[in-house]
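In: Sequence and predicted structure are below.
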Amino acid sequence: QLQLVESGGGLVQPGGSLRLSCATSQFTLDYYAIGWFRQAPGKEREGVSWISHSGDSTWYADSANGRFTISRDNAKNTVYLQMNSLKPEDTAVYLCAAHLFGTTPTTAQNEYNYWGQGTQVTVSS
């Protein structure tokens with residue numbers, strides 16, 4: 001089963017920053033758009049950000065716009081989500097997913113081919 005691996009989560013105070021990584025050693029991400037999603041306890045999974053396979057197109061949910069930055073380093077087969085000015089409401093499990101040849105931002109989870117297990121982000125004082 002091909003899978004992505006997220007890392008970089010943790011406990012941070014409000015206003016702090018974290019950088020999440022999404023990587024895999026099983027296949028190249030070069031042809032995949034990558035989406036970041038999050039799921040808080042008792043809530044539905046929601047799309048947070050998206051980046052095209054080339055990295056020249058990005059999308060952010062309103063809740064992330066201006067605070068989060070998505071980027072990718074195809075040489076390292078890794079996609080990053082830099083999260084600044086974190087708020088308690090950002091607390092969730094963050095997951096990345098890969099969409100083969102994705103050219104248009106989408107939060108439709110059934111369009112993604114592979115998923116990671118997620119990394120916990122907790123924003124609390």
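Out: Right, received. Where do you want to start? Residues are numbered from 1 along each chain as shown.
In: the strands in the chain, which residues?
Out: For the chain, the strands defined by DSSP state E cover 5-7, 10-12, 18-23, 32-39, 46-51, 58-60, 68-73, 78-83, 92-100, 114-115, 119-123.
In: Parallel or antiparallel, list what pairs with the shortest one.
Out: In its sheet, strand 114-115 lies beside strand 92-100 (antiparallel), with partners assigned from DSSP bridges.
In: before we move on, the earlier item: got the strands of the chain as CSV, with distance to residue 106 and mean pLDDT columns?
Out: From N, CA and C alone the C-beta is placed, and that goes for glycine too. What follows is the strands of the chain, written out as CSV (distance: least, C-beta to C-beta, whole Å; pLDDT from 0 to 100):
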stretch, distance to residue 106, mean pLDDT
strand 5-7, 19, 98
strand 10-12, 28, 98
strand 18-23, 16, 98
strand 32-39, 7, 98
strand 46-51, 7, 98
strand 58-60, 9, 98
strand 68-73, 14, 97
strand 78-83, 16, 98
strand 92-100, 7, 97
strand 114-115, 14, 96
strand 119-123, 22, 98
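In: So which residue is dead centre in the protein?
Out: By C-alpha atoms, centre = their mean, the chain has its centre lying nearest to residue 36, at 2.5 Å.
In: Looks like that one contacts residue 95 (just checking).
Out: Yes. Contact criterion C-beta atoms under 8 Å: residue 36 and residue 95 qualify, at 7.3 Å.
In: anything in contact with each of these two?
Out: Shared contacts of residue 36 and residue 95, defined by C-beta atoms under 8 Å, 6 or more residues apart in numbering, are absent.
In: Now do the same contact list for the residue nearest to the centre of the chain.
Out: By C-beta under 8 Å, 6+ apart, the residues touching residue 36 are 20, 22, 47, 48, 49, 50, 70, 79, 81, 94, 95, 96.
In: where's the closest residue to residue 122 other than its chain neighbours relative to residue 119, distance?
Out: Nearest residue to residue 122, sequence neighbours excluded (C-beta to C-beta, 6 or more residues apart in numbering): residue 11, at 4.7 Å. Residue 11 sits 12 Å away from residue 119, going by C-beta to C-beta, to the nearest Å.
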